[in-house]
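# sequence below, structure please.
(one chain, ligands or ions: 1)
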Amino acid sequence: MNAPRVGVLALQGDVREHARVLGDLGAEVVLVRRPEELASVDGLILPGGESSVIDKLSRSFGMQQPIRAAISEGMPVYGTCAGMILLADRILGGIDGQQTFGGLDVTVRRNAFGGQTESFETFLDVPALGPEPVPAAFIRAPLVVEVGDGVEVLARVPEGAVAVEQRNLLATAFHPEVSGEHRFHRRFLELVRAA
Ligand SMILES: NC(=O)CC[C@H](N)C(=O)O
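Alright, predicted model coming up:
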């Protein structure tokens, strides 16, 4: 089968880290900044970074509506950290009238673990990915505080959920792309191949 063609939204954030993991897994990577580029891919990654900035830039680049449309048409999308916030239907602690693309029936609290100094790395059990624990870097990370009926929780910490999936959407509060952890990206590529 041909390599899946996967976009990384490249307006701000840890775009290169995602591109590297996707390349390692044999995907063809497209850096997406414009609607034409989005139209050429089979799946999209929303990177970590600053969700309020990615939100503003996506609106000024005319990308908000095309991404919303792609999500509702079933394009597989994987969001890490800021990307998880951008996929959430509801956010707590957004700034400046912050908007999201939405699609994922969850409520997410921004910066739920405190500031930059409270970033940490841990290991998580993610049964859906197998028995090996997953290294997880939390960097000013969000937390899923409420999930709708159709949402599957893949990993949790005592405070709430940190990895979730709903149909074509996958989201993690942490950054597998900075930990050398490829299993979430592999799972995402399976969604892309199945779509
Ligand atoms: N590492 C990250 O992506 C941090 C997310 C950031 N705190 C935000 O609200 O967008």
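# tell me the pLDDT at the most centrally placed residue in the chain?
Nearest to the geometric centre of the chain sits G79, at 0.6 Å (CA atoms, centre = their mean). Listed pLDDT for G79 reads 99.
# what about it, which SS state?
Following DSSP: H, G, I helix; E, B strand; the rest coil, the label given to G79 is strand.
# cool, R186 as well?
Here R186 is helix, with the state taken from three-state DSSP.
# okay, now it: neighbour count?
13 (other CB atoms under 10 Å). Every C-beta, even on glycine, is put in place using the N, C-alpha and C of the backbone.
# and the pLDDT for it?
Note for R186: predicted pLDDT of 98.
# and it, what is it in contact with?
Shown in contact with R186 (CB atoms under 8 Å, 6 or more residues apart in numbering): L25.
# gap between it and the ligand?
Distance, R186 to the ligand, by CB to the nearest ligand atom, to the nearest Å: 21 Å.
# likewise for F61?
In terms of CB to the nearest ligand atom, F61 sits 17 Å off from the ligand.
# can you list phi and psi of that residue for me?
Per-residue torsions, F61: phi -90, psi 10 (degrees, to the nearest 10).
# sorry, back to before: wait, the residue nearest to the centre of the chain sits on A173?
No: using CB atoms under 8 Å, G79 is not in contact with A173; the gap is 9.7 Å.
# now do the closest residue in space to D24 that isn't next to it in sequence against A194, distance only.
Of all residues not flanking D24 in the chain, H182 sits nearest, at 6.8 Å (CB to CB, 6 or more residues apart in numbering). Going from H182 to A194 by CB to CB, to the nearest Å gives 18 Å.
# give me the more crowded residue out of the two.
The residue with more neighbours, out of H182 and A194, is H182; 15 against 8, by other CB under 10 Å.
# near the ligand, which residues of the chain are found?
Listed as neighbours of the ligand in the chain under the rule CB under 6 Å from any ligand atom: G48, G49, E50, S51, C81, A82, I85, R110, N111, I139, R140.
# tell me the SS of the residue nearest to the last one when sequence neighbours are not counted?
Among residues not flanking R140 along the chain, N111 sits closest, at 5.3 Å (CB to CB, 6+ apart). The three-state assignment at N111 reads coil, by three-state DSSP.
# now V106
Following three-state DSSP, the label given to V106 is strand.
# many thanks, we can stop here.
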